[in-house]
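*Asks:* coords below, sequence missing:
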């Protein structure tokens, strides 16, 4: 059996569509360079823009294998 090591990155994603879309965009963006093995949503929040649009914001921890 081999041991694995993972790096944990904390990233904030945004979307004007949904919380799910914000999470998905972060995971896809970081998977392009190094596969994401797991993710954990630690915060969900939002803001209202000056034009009245809602922007969803999520803080996501990503687990990526280092070896």
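*Replies:* Thanks, I have the structure now. What you see is a predicted model; the values in this text were computed from it and never measured. Numbers count the residues shown, from 1 in each chain.

*Asks:* so residue 20 sits in a helix?
*Replies:* Yes - membership of residue 20 in a helix is supported by DSSP: H, G, I helix; E, B strand; the rest coil.

*Asks:* where does it land on pLDDT?
*Replies:* Listed pLDDT for residue 20 reads 97.

*Asks:* Can you report how many residues neighbour it?
*Replies:* 11 (other CB atoms under 10 Å). The C-beta positions use only the backbone N, C-alpha and C, and glycine is treated the same way.

*Asks:* so who does residue 64 touch?
*Replies:* 6-9, 30, 34-37 (CB atoms under 8 Å, 6 or more residues apart in numbering).

*Asks:* Helix or strand: which one has it?
*Replies:* strand 54-65 (DSSP states H and E).

*Asks:* buried ones in that strand?
*Replies:* Buried residues in strand 54-65, counted by 16 or more other CB atoms under 10 Å: 56, 58-60, 62, 64.

*Asks:* which residues in this structure form helices?
*Replies:* Along the chain, counting by DSSP state H, helices occupy 19-31.

*Asks:* Residues touching stretch 23-32, excluding its own?
*Replies:* Contacts for stretch 23-32 (CB under 8 Å, 6+ apart): 9, 11-13, 15, 36, 39, 41, 58, 60, 62, 64.

*Asks:* Pipe the residues you listed into JSON lines and attach pLDDT and distance to residue 47 per row.
*Replies:* Formatted as JSON lines, the contacts of stretch 23-32 follow (pLDDT from 0 to 100; distance: CB to CB, whole Å):
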{"residue": "9", "pLDDT": "95", "distance to residue 47": "23"}
{"residue": "11", "pLDDT": "96", "distance to residue 47": "17"}
{"residue": "12", "pLDDT": "97", "distance to residue 47": "12"}
{"residue": "13", "pLDDT": "96", "distance to residue 47": "14"}
{"residue": "15", "pLDDT": "97", "distance to residue 47": "12"}
{"residue": "36", "pLDDT": "95", "distance to residue 47": "26"}
{"residue": "39", "pLDDT": "97", "distance to residue 47": "22"}
{"residue": "41", "pLDDT": "98", "distance to residue 47": "17"}
{"residue": "58", "pLDDT": "98", "distance to residue 47": "12"}
{"residue": "60", "pLDDT": "98", "distance to residue 47": "17"}
{"residue": "62", "pLDDT": "97", "distance to residue 47": "23"}
{"residue": "64", "pLDDT": "92", "distance to residue 47": "28"}
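
*Asks:* With that, I have no additional questions.
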